[in-house]
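Visitor: Output the structure for:
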Amino acid sequence: MAKEWTHFDLKGNARMVDVSEKESTRRLAVASGEIAVNEAVMQAVTGHTAAKGDVLGVARVAGIMAVKRTAELIPMCHTIPIEKCELAFFVSPDEGTIRAECTVITEGKTGVEMEALTGVNIALLTIYDMCKAMDRGMVISDVCLLQKSGGKSGVYQRMPKISEKKQGGIDLL
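Guide: Model (predicted):
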């Protein structure tokens, strides 16, 4: 049986998926990612002394703004009314990492996974931008969907590998 490609029409042209017949359900997605930074960046972030201002505060606002504009950035994403968006940061000075976690909720006909992933990426890129004068070697990594619920496909929960399990960091905000 041939696989049906949802983002292409019969002629192979890209298209947005038709969700008009889908049932509206509560949709939730949680994504995370991290940025590895040097000691100078870690001290500036935790001490609130970065020259460009409140790094995590600005990154949070940037991530939330990105969530709301995902459909403008990713061609086949639907415009979705966002009912809740939360961005949290977990700072681990011993590991030299800052983890961003974005939770997005809506009531709708399509999921918010792309919105949560976009929020995490833009938050981490904002940290990079605000701290690049102190460390151009920062590395953004491990961006992934942690969980989603709602819709026909139901619940997804990412199971971390043993090597990914880390000690908790400091929740600064």
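
Visitor: Give me the neighbour count for residue 115.
Guide: 27 (other C-beta atoms under 10 Å). Any C-beta I mention is one placed from the backbone N, CA and C, and that applies to glycine too.

Visitor: Repeat that for the one 4 residues further on.
Guide: Under the neighbour criterion other C-beta under 10 Å, residue 119 is assigned a count of 32.

Visitor: going forward, begin numbering at 498 instead of 1
Guide: Renumbered: residue one is now 498, and that last one reads residue 616.

Visitor: now it, nearest residue through space, not along the chain?
Guide: The shortest distance from residue 616 to any non-neighbouring residue, by C-beta to C-beta, 6 or more residues apart in numbering, is to residue 599 (3.7 Å).

Visitor: and what of residue 548?
Guide: Nearest non-adjacent residue to residue 548, counting by C-beta to C-beta, 6+ apart: residue 630, 7.0 Å away.

Visitor: pLDDT on the helix or strand hosting the residue nearest to residue 616, on average?
Guide: In the assignment (DSSP states H and E), residue 599 maps to strand 594-605. Mean per-residue pLDDT for strand 594-605: 97.

Visitor: what separates that strand from the chain centre, distance-wise?
Guide: With C-alpha atoms, centre = their mean, to the nearest Å as the basis, strand 594-605 stands 6 Å off its chain's centre.

Visitor: Now do the helices in this structure.
Guide: 536-543, 552-565, 567-570, 610-628 (DSSP state H).

Visitor: mind putting those in TSV, distance to residue 634 included?
Guide: TSV is the format used below for the helices of the chain (distance: least, C-beta to C-beta, whole Å):
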stretch	distance to residue 634
helix 536-543	10
helix 552-565	17
helix 567-570	26
helix 610-628	10
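
Visitor: I'd like to know which of those lies nearest to residue 524.
Guide: helix 610-628 (8.7 Å; C-beta to C-beta).

Visitor: That closest one vs strand 594-605, what angle?
Guide: Between helix 610-628 and strand 594-605, the angle comes out at 150 degrees (axes from the mean of the first three to the mean of the last three C-alpha atoms, to 10 degrees).
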